[in-house]
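Asker: let's see this in three dimensions:
(chains A and B)
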Amino acid sequence: MSEGQQNPAEARKNGTRLRNGRWAGYRHLLASRMKELRREPEVVFWVFGFPLLLALGLGIAFRNKPADVSSAAVVGLRSQEIMSLLGQSPQRASIHAEVVDRETAAKGLRLGKYELAVEDDGKRGIRYFYDPGRPESVLARSQVDHALQTAAGRQDPFSTVDVAVSEPGSRYIDFLIPGLIGMNVMNAAMWGIGFALVDMRQRKLLKRFVATPMRRSDFLLALASSRLILMTVEVGMLLGFGALVFQMRVLGSIATILLIGAIGALGFAGLGLLTASRAQKIESVSGLINLVMMPMWIFSGVFFSYERFPAAIQPFIKALPLTALNDALRATILEGATLGAQSGRLLILALWGGISFVLAVKWFRWT
Amino acid sequence: MAAAIQCRDLRKTYDGKVEAVRGLSLEIQAGECFGLLGPNGAGKTTTIEILEGLLEPTSGEVTILGRTWKDNSRELREWLGISLQETRLSEKLTVRETIELFASFYSEPRSSDEVLEELQLEEKADAWVGKLSGGQRQRLAVATALVGNPKVLFLDEPTTGLDPQSRRQLWDIVCGFQRNGGTVLLTTHYMDEAERLCDRLAIIDHGQVIAEGTPPDLIDRLGGHNVVEFEASGDASDGAALEHWRALPSVESVRNDDGLVCLNVREPHLTIPALLEAVQKRGSQLQHLTTRQASLEDVFVRLTGRHLREQ
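Answerer: Next up, the predicted model:
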């Protein structure tokens, strides 16, 4: 027992005690939450590293490649003449040709090594062997034919100029990044709120907190605030990543994007709170969270457009919160749509969040 | 002086079936250290959590420092320090951060440094909670209860699972709090803890108070401060033999504890010579004989026929 300790009653009287302001609890709860997250390497990976890796991987896999180089096998007696004609043609850069025997050519065609086989035995003219069902082969046939004809002296009656339209804004990565942002906002809010709450309930920490004068609203507010802070960082990171690595263009204002992200994060936080309102074990809440999120991973247009689903279920898809969030993010980021134009989608998000929150507060078990 | 904690006819029924608390009444004075003693499942935790305002009783009344949970819960929360039976505090926060977090909930907390010093946690102040030993964690749990500068401290099995040294450290902390005018209510299933710490106790079994008083009082009521235990060859512990031992001089009560005969005795110097003679007369041999001071364990066994630690 320390000598310096005062009688509690005496201490109250002489007023030497510390005094906490109205928001001290909220500030400490928020600071503690942020510290805990920062000290948890898995959280840092799943929240920040994983979405970036996903964007990088998918962005590379589905990048718009420059028009493919056609590969052709050249066979027959006059192979050398064909090769030299191809070598002289203006299209030589887009054709890769090599002289092989008939057998190698047939095998290469089967395996997809060659898109086209060209044969000239000097009797029947040039013959093209290819599968008309393969677009690459059709392309190769016309490229090679065009190259040979031009090299042999054919004149084009019109002069033409090619203009590339694979500009930022219409590529797969442009579609993907807003979807990933939406999905990440959902994942992080559902796990960051739902899982965290049940974990605290299981550890009896929630009960311990409500055994103090802590305001329950401060506690929930601090949780929501930590989500908003992380959301800002996540969105900024994914957008910055898209801009730096894939030269993605962001047409809408950053403030609008963040505001949509915030409404999304709060909406899903409400849903996360509802998922966590009664569960006593983290195993059961994990299942619930996945159950809630799974339809949205599939239907809400994260990786591909939901327009591919039958028209009959489109209204259902559009009512999902993640669909609303993804659509709002895409419209803002890719088309520069204003906040006002998104009111319907934001209303869907707010309704999901608001109704979940009201139910959650009603059912929530602190102990 | 008014009672610090008072409850009348508390009942708690879970799911309409399990009756955890069945008409329990207590009155704990300010400045007192009061213990709820009982085996696991006796209803101690349910009782203390009702008093702490964490559980709603099915019926009955609770008054703490003259206030009720219904009307003054915010005020009461400021006045109470609570340590639950098992709380796993966040492992990735440091000891100091944890104490400061709890301090921030109270309008007039104590300084964290002072509490760290008092609970001998200064050395661990910057260590993560996850790295603490069991005793240190338990001290931290009590620190989070003390940092609010409470008038009443509730401790639910504060030393369960701790090593002897950690237990004594915690006892010192509880005594210190009480010396400074605080009121303590604790639950325990350790006799020595109850005898050492508590001014008064209630022994609880099956959700009811089966005895209440100061430790010496309770032992007195047992009738005999001394216990003579012996084992003898033959049928020394069967019913007829027990009657025989009961008739020996100065014996207050007798029971068979798994082959061991236990006599509650007022004056051993009268009982023992008579006992030796009686054993000899029966033609049996003593295999074992001890005398000791009666403890609360004896009180409990006497009242319930069971040991505290068994279920």
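
Asker: residue ranges in the chain under the pLDDT threshold?
Answerer: Since you didn't name a chain, this refers to chain A. Within chain A, the segments meeting pLDDT under 70 span A:1-17, A:63-68, A:164-169.

Asker: you answered for a different chain; I wanted chain B.
Answerer: Applying pLDDT under 70 to chain B picks out residues B:1, B:223-224, B:308-311.

Asker: can you map out the helices along chain B?
Answerer: Using DSSP state H, the helices found in chain B span residues B:44-51, B:69-79, B:95-103, B:112-118, B:134-146, B:164-179, B:191-197, B:215-221, B:239-246, B:268-281, B:296-304.

Asker: possible to save those as a markdown table with mean neighbour count?
Answerer: Using the backbone N, CA and C atoms, a C-beta is placed for each residue, glycine as well. Below are the helices of chain B laid out as a markdown table (neighbours: other CB atoms under 10 Å in any protein chain shown):
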| stretch | mean neighbour count |
| --- | --- |
| helix B:44-51 | 23 |
| helix B:69-79 | 16 |
| helix B:95-103 | 24 |
| helix B:112-118 | 20 |
| helix B:134-146 | 23 |
| helix B:164-179 | 17 |
| helix B:191-197 | 20 |
| helix B:215-221 | 17 |
| helix B:239-246 | 14 |
| helix B:268-281 | 15 |
| helix B:296-304 | 21 |
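
Asker: would you turn the ones you listed into a markdown table with distance to chain A?
Answerer: Compiled in a markdown table, the helices of chain B are given as follows (distance: least, CB to the nearest CB, whole Å):
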| stretch | distance to chain A |
| --- | --- |
| helix B:44-51 | 8 |
| helix B:69-79 | 4 |
| helix B:95-103 | 5 |
| helix B:112-118 | 5 |
| helix B:134-146 | 7 |
| helix B:164-179 | 4 |
| helix B:191-197 | 14 |
| helix B:215-221 | 23 |
| helix B:239-246 | 46 |
| helix B:268-281 | 39 |
| helix B:296-304 | 26 |
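
Asker: okay, now residue 60: neighbour count?
Answerer: If you meant another chain, say so; for now it's chain A. Applying other CB atoms under 10 Å in any protein chain shown, we find 11 other residues in the vicinity of A:Ile60.

Asker: oops, I was thinking of chain B
Answerer: 16.

Asker: distance of it from B:Leu24?
Answerer: Using CB to CB, to the nearest Å, B:Gly60 is found at 8 Å from B:Leu24.

Asker: which residue does the stretch 251-367 of chain A have closest to chain B?
Answerer: Nearest residue of the stretch 251-367 of chain A to chain B, counting by CB to the nearest CB: A:Thr367, 6.1 Å away.

Asker: so who does that residue touch?
Answerer: Counting by CB atoms under 8 Å, 6 or more residues apart in numbering or on different chains, A:Thr367 makes contact with A:201, A:206-207, A:210, B:54-55.

Asker: over to A:Arg78?
Answerer: A:120-122.

Asker: now do B:Ile204
Answerer: Counting by CB under 8 Å, 6+ apart, B:Ile204 touches B:24, B:36-38, B:42-44, B:47, B:210.

Asker: please redo it, this time with the cut-off set to 10 Å
Answerer: B:Ile204 is in contact with B:21, B:24, B:26, B:35-39, B:42-44, B:47, B:187, B:210-212, counting by CB atoms under 10 Å, 6 or more residues apart in numbering or on different chains.

Asker: now, of the residues you listed, which are buried?
Answerer: Among those, those classed as buried by 16 or more other CB atoms under 10 Å in any protein chain shown are B:21, B:24, B:26, B:35-39, B:42-44, B:47, B:187, B:211-212.

Asker: hmm, back to that, put the buried members of the contacts of A:Arg78 into a PyMOL selection.
Answerer: Applying 16+ other CB under 10 Å to those, the buried members can be selected in PyMOL as follows:
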select buried, chain A and resi 120
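
Asker: which of the contacts of A:Arg78 sits closest to A:His28?
Answerer: Ranked by distance to A:His28 (CB to CB), these are led by A:Asp120 at 83.2 Å.

Asker: if I read this right, that closest one contacts A:Val144, doesn't it?
Answerer: No - A:Asp120 is beyond contact range of A:Val144, at 11.7 Å (criterion: CB atoms under 10 Å).

Asker: give the residues shared as contacts by those two.
Answerer: In contact with both A:Asp120 and A:Val144: A:74, A:82, A:85, A:126, using CB under 10 Å, 6+ apart.

Asker: just list the residues touching the nearest residue to the last one once chain neighbours are set aside, thanks.
Answerer: Using CB to CB, 6 or more residues apart in numbering or on different chains and skipping the chain neighbours, the partner closest in space to A:Ile126 is A:Asp120 (4.8 Å). For A:Asp120, the residues meeting the contact criterion (CB under 10 Å, 6+ apart) are A:74-79, A:81-82, A:85, A:126-127, A:148.

Asker: go through the residues you listed and flag which are in strands.
Answerer: Mapping the contacts of A:Asp120 onto strands (DSSP state E) picks out A:74-75, A:126-127.

Asker: so can I have a markdown table of those residues showing neighbour count?
Answerer: A markdown table is the format used below for the ones in strands among the contacts of A:Asp120 (neighbours: other CB under 10 Å):
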| residue | neighbour count |
| --- | --- |
| A:Val74 | 23 |
| A:Val75 | 22 |
| A:Ile126 | 17 |
| A:Arg127 | 12 |
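
Asker: measure the residue in the stretch 51-200 of chain A that chain B sits nearest to to A:Trp366 for me?
Answerer: The minimum distance from the stretch 51-200 of chain A to chain B, using CB to the nearest CB, falls at A:Met200 (8.4 Å). To A:Trp366, A:Met200 is 10 Å away according to CB to CB.
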